[in-house]
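Q: task: produce atomic coordinates for the following.
(one chain, ligands or ions: 1)
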Amino acid sequence: MAPRFLTEREPERGVPLAVIPGVWRVVANNPGPMTYHGTNTYLIESEDGVAVLDPGPDDPAHVEAVITAGGGRINRILLSHGHRDHTGAVAKLRAATGAPVYGWNPSVNPDVENDHPLAEGDTVAGLTVLHTPGHAADHLCYATANGVLFTGDHVMTWSTSTVSPPHGDMAAYFASLDRLAGRADRYYLPGHGPLLGRPEGFARALLAHRKKREEAVKAALRESPAALADLTAEAYPGIDPKLRAAAERTMLAHLLKLAAEGRARQVNELWGAA
Ligand SMILES: [Zn+2]
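A: I've put the predicted structure just below:
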């Protein structure tokens, strides 16, 4: 079964929007074919202040909106992963608030330095850390004690995620999806797109979708060796040209996974069955 993706109207910009009790989001003004309406910057009420999860892109108006929304109480900056649409604003927000930065070390973004490296199972701002590599090697999800999971870009509610080597890893992505599928969360709050209530089955459907794609790739390789661009065109017919490069990266991730498993190999420019 294909995952059922959500849509939403363009959210109001520059203001905190209530998501669930104690959690707000400010949607950055970086809409696009990979980011939907923009990056969700979450403000999360904790015992001793407000944690900001994913400061968003380097956009002064967005940083200002987040600072205003924090009401002088921002005391931690948490990162889901190092991609720039989530971390471009880190330096400005840290400088303005003095809040330390928490994330996985090393970040996939050389410009990001975590003041406090996080490990699997750590607790920060009342949230439990899950290391969920795949979309990016440094990807973290954060779970509340009452069933809310901040899923970052590992699981988005409006679209599938890209997996771009070398930081993106398809085998790790499969494992991290399987991990979410085995949990009993009540809400997913993603890095892009609206909240998903009752998410049971969603991660499982994403995984099934990927496995189906992998089977299609294997079948194509058995037919005849082919170049990455041709395999991508076959797998994504009629794709929006703006998304073609990302689709090609994800196809490469599938091929590298199959190669690591001894089921595909590359000879010169062509990929074939092993
Ligand atoms: Zn993102």
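
Q: C-alpha from now on. contacts and neighbour counts both.
A: Fine.

Q: how about the helices of the stretch 51-200 of the chain, start to end?
A: Taking DSSP state H, counting those that start in this stretch as the criterion, the stretch 51-200 of the chain contains helices spanning 60-70, 84-87, 90-97, 170-181.

Q: could you give the angle of the first one to helix 90-97?
A: Pointing back at helix 60-70 there. Relative orientation of helix 60-70 and helix 90-97, computed by axes from the mean of the first three to the mean of the last three Cα atoms, to 10 degrees: 40 degrees.

Q: roughly how far does residue 99 sit from residue 50?
A: Noted for residue 99: a distance of 10 Å to residue 50, by Cα to Cα, to the nearest Å.

Q: tell me which of those two has more neighbours.
A: Neighbours of residue 99 and residue 50, each counted by other Cα atoms under 10 Å, are more numerous for residue 50; the result is 24 against 20.

Q: what do residue 99 and residue 50 both touch?
A: Common neighbours of residue 99 and residue 50, counting by Cα atoms under 8 Å, 6 or more residues apart in numbering, are 74-76.

Q: so residue 246 sits right up against residue 161, yeah?
A: No: counting by Cα atoms under 8 Å, residue 246 stays clear of residue 161, with 9.6 Å between them.

Q: among those two, which residue is more densely surrounded?
A: Taking neighbours as other Cα under 10 Å, residue 246 and residue 161 compare with residue 161 leading, 19 against 16.

Q: please name the residues that touch the more buried one.
A: 135, 153-155 are the contacts of residue 161 under Cα under 8 Å, 6+ apart.

Q: could I get those residues as CSV with pLDDT?
A: Formatted as CSV, the contacts of residue 161 follow (pLDDT from 0 to 100):
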residue, pLDDT
135, 97
153, 98
154, 98
155, 97
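
Q: separation between residue 181 and residue 195?
A: 17 Å.

Q: again but with residue 102, I slipped
A: Note on residue 102: its distance to residue 195, by Cα to Cα, is 23 Å.

Q: residue 87 and residue 23, how far apart?
A: Distance from residue 87 to residue 23, by Cα to Cα: 19 Å.

Q: more neighbours: which of the two?
A: Legend: neighbour count by other Cα under 10 Å for residue 87 and residue 23, higher for residue 87 (23 against 18).

Q: residues contacting the more buried one?
A: Counting by Cα under 8 Å, 6+ apart, residue 87 touches 54-58, 79, 81, 112.

Q: same question, residue 35
A: With contacts defined as Cα under 8 Å, 6+ apart, the neighbours of residue 35 are residue 192.

Q: now do the SS call for residue 50.
A: strand (DSSP: H, G, I helix; E, B strand; the rest coil).

Q: shift numbering so it begins at 15
A: Happy to do that; since the first residue is 15 now, the last one works out to residue 64.

Q: against residue 172, how distant is residue 106?
A: Per Cα to Cα, residue 106 is found 29 Å from residue 172.

Q: neighbour count for the two, which is higher?
A: residue 172 (21 against 16).

Q: that one contacts residue 208, correct?
A: Yes: look at residue 172 against residue 208 with Cα under 8 Å: they come within range, at 7.5 Å.

Q: what's the overlap in contacts for those two?
A: Counting by Cα under 8 Å, 6+ apart, the residues touching both residue 172 and residue 208 are 20-21.

Q: picking up where we left off before, for the contacts of residue 101, pick the one with the most neighbours.
A: Using other Cα under 10 Å as the neighbour criterion, residue 69 leads those with 33 neighbours.

Q: okay, now the unreliable bits of this protein?
A: Counting by pLDDT under 70, the chain contains low-confidence ranges at 15.

Q: out of the contacts of residue 101, which is nearest to residue 278?
A: residue 95 (29.6 Å; Cα to Cα).

Q: which residues touch that closest one?
A: Counting by Cα under 8 Å, 6+ apart, residue 95 makes contact with 101, 117-118, 121-122, 150, 152-154, 166.
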